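Student: Just a sequence and a predicted model for now, questions to come.
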Amino acid sequence: ETIELQGFTKGSAIAIILAQYGLGFRPKFVAPGHYDLEIDRGNEASHLWPIGWKPEQSFSEILPAYFRAIPLDVEDVEVNALVSAIADKLGIPYFSSASVLASKNLDIQSLKYTRKQDRISPARLLTSVGDKFELGFDIRVDEAGKMFLWITTAEDTRSFRHRFAHVGQ
């Protein structure tokens, strides 16, 4: 499978790719202006370079459609297809942590979600899907502020949020 990362910063692009294999990296200072990258096994709790960052602005400012209710009626829709439609609606790409999801037997290609006809915001819908399957969804930004949707386990999402809890909007 290919991942299209054109336009993303190098740090986030490398972190996204390595996460597919259960790996991450840390920059190690060598000398003034020189760093090596240490690649290590790990996830969001391992204090590796994060897969994106919390946005500095509030979501209502940078992505108001995330909280805007839309009509929805889905029956036995694959989670991946649902997330793809949400990402298209928001105009952002999405990526998932293949290794972490596989380690918990969470295949977003085969998990099915059903919801009766209702109006719901993408934020609430993703929370509902996450609660049902123990998935985690986060809107994140790369080092230059480019937004994307990151899909991982609920446990990894909690680790990321705890790690950056002190970072204000």
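Tutor: Sure, I can see it.

Student: Next, the most centrally placed residue in the chain: secondary structure please.
Tutor: Central residue of the chain (CA atoms, centre = their mean): Trp150, 1.0 Å from the mean position. Put simply, Trp150 is strand when judged by DSSP: H, G, I helix; E, B strand; the rest coil.

Student: hang on, it packs against Val100?
Tutor: No - with contact defined as CB atoms under 8 Å, Trp150 and Val100 do not form a contacting pair (10.8 Å). C-beta coordinates here come from the backbone N, C-alpha and C atoms, glycine included.

Student: hey, where'd the strands end up in the protein?
Tutor: Counting by DSSP state E, the chain has strands at residues 23-31, 34-41, 70-78, 94-96, 112-120, 135-141, 147-153.

Student: hang on, isn't Phe137 packed against Asp156?
Tutor: No - counting by CB under 8 Å, Phe137 does not reach Asp156; the two are 10.9 Å apart.

Student: residue contacts, the residue lying closest to Ala13 once chain neighbours are set aside?
Tutor: With CB to CB, 6 or more residues apart in numbering as the criterion, Ala13 has its nearest non-adjacent residue at 4.2 Å, and that residue is Leu5. Applying CB atoms under 8 Å, 6 or more residues apart in numbering, we find Leu5 in contact with Ala13, Ile16, Ile17.

Student: can you redo the residues you listed as a markdown table with neighbour count, distance to Ile51 and pLDDT?
Tutor: Below are these laid out as a markdown table (neighbours: other CB atoms under 10 Å; distance: CB to CB, whole Å; pLDDT from 0 to 100):
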| residue | neighbour count | distance to Ile51 | pLDDT |
| --- | --- | --- | --- |
| Ala13 | 15 | 10 | 96 |
| Ile16 | 21 | 6 | 97 |
| Ile17 | 15 | 10 | 96 |
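
Student: So which of those belong to helices?
Tutor: Judged by DSSP state H, these include Ala13, Ile16, Ile17 as members of helices.

Student: how close does the second one sit to Ala123?
Tutor: Taking CB to CB, to the nearest Å as the measure, Ile16 and Ala123 are separated by 22 Å.
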